[in-house]
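Colleague: model this:
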Amino acid sequence: MRRTVFLAATSLVCVLGVSAQQHNIDTRKSTLTIHVGKTGVFSGLGHEDEVRAPIHSGTADTGSHPAVEMHVDARALRVIGKDDSEKDRAEVQKTITRRVFVSDRGNHRIQVFDENGKFLDMWPLGEYAAVYHLLLTADRNLWMSDGHGSFKIYKYNLDGKMLYSWGVMGAKPG
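Modeller: Reported below is the predicted structural model:
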């Protein structure tokens, strides 16, 4: 009985080992598509867009810890707006090809990178802030919501200046 279980387990490991591989992404047939939708606290201010770019290179690992890694040239990102005016799409296009805004909740800040991934700036948000939503609007402001730490909504310009914030943690929902 032990020998049968051992052989079955060994066979399973061998089969999984053979099927678990790292595969290159076929860049001729692959495109990164990001749907930017209107949800959450900022849905009234948002746009329904798709952002597309060809995948420059990448791999997919189908092993015991599946992962996908892909590289996209940010200069190739294109905004495909559904209901936006050409002017709004052009503004969003201009912004996305120049800066990437990242919410670093663990360190209570926003980090800003250029299209090549070079660090540009950091905006401290306060000891308890943990931003979960970012919205870049056509008027070139960055809205943020924090429903975890400071329980505030923030509005920043793209130079990192906070224009205003509101909200406080309360004892009751709502």
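Colleague: The longest strand anywhere in the chain pairs with which strands, and in what direction?
Modeller: The residue-count maximum for a strand in the chain (DSSP state E) belongs to strand 49-61. Strand 49-61 pairs in its sheet with strand 22-24 (antiparallel), strand 31-36 (antiparallel), strand 67-72 (antiparallel), strand 78-81 (antiparallel), by DSSP bridges.
Colleague: in that strand, what counts as buried?
Modeller: Across strand 49-61, burial judged by 16 or more other C-beta atoms under 10 Å covers 49, 51, 53, 55, 58. (C-beta placed from N, C-alpha, C; glycine too.)
Colleague: can you pull up the bridge partners for the last one?
Modeller: When bridges are called by DSSP bridges, residue 58 pairs up with residue 70.
Colleague: dump the residue contacts of it.
Modeller: 24, 25, 27, 30, 68, 69, 70, 71 (C-beta atoms under 8 Å, 6 or more residues apart in numbering).
Colleague: Mind pulling up the pLDDT for it?
Modeller: For residue 58, the pLDDT comes out at 86.
Colleague: which residues does the closest residue to residue 110 other than its chain neighbours contact?
Modeller: Setting aside the residues directly before and after it, residue 110 is nearest to residue 123 in space (C-beta to C-beta, 6 or more residues apart in numbering), at 4.3 Å. Taking C-beta under 8 Å, 6+ apart, we find residue 123 in contact with 109, 110, 111, 112, 156, 160.
Colleague: can you give me the strands in this structure?
Modeller: Counting by DSSP E, the strands of the chain are 22-24, 31-36, 49-61, 67-72, 78-81, 99-104, 109-114, 119-124, 133-136, 141-145, 153-157, 162-166.
Colleague: measure stretch 101-118 end to end?
Modeller: With C-alpha to C-alpha, to the nearest Å as the measure, the first residue of stretch 101-118 is 12 Å from its last.
Colleague: try stretch 34-49
Modeller: So stretch 34-49: terminal residues 8 Å apart, C-alpha to C-alpha.
Colleague: now it: mean pLDDT?
Modeller: 62.
Colleague: same thing with stretch 85-105?
Modeller: The model assigns stretch 85-105 a mean pLDDT of 74.
Colleague: Straight-line length of that stretch, end to end?
Modeller: Span of stretch 85-105 from end to end, C-alpha to C-alpha: 33 Å.
Colleague: and if you look at stretch 60-78?
Modeller: Termini of stretch 60-78 sit 24 Å apart (C-alpha to C-alpha).
Colleague: repeat for stretch 104-119
Modeller: Termini of stretch 104-119 sit 13 Å apart (C-alpha to C-alpha).
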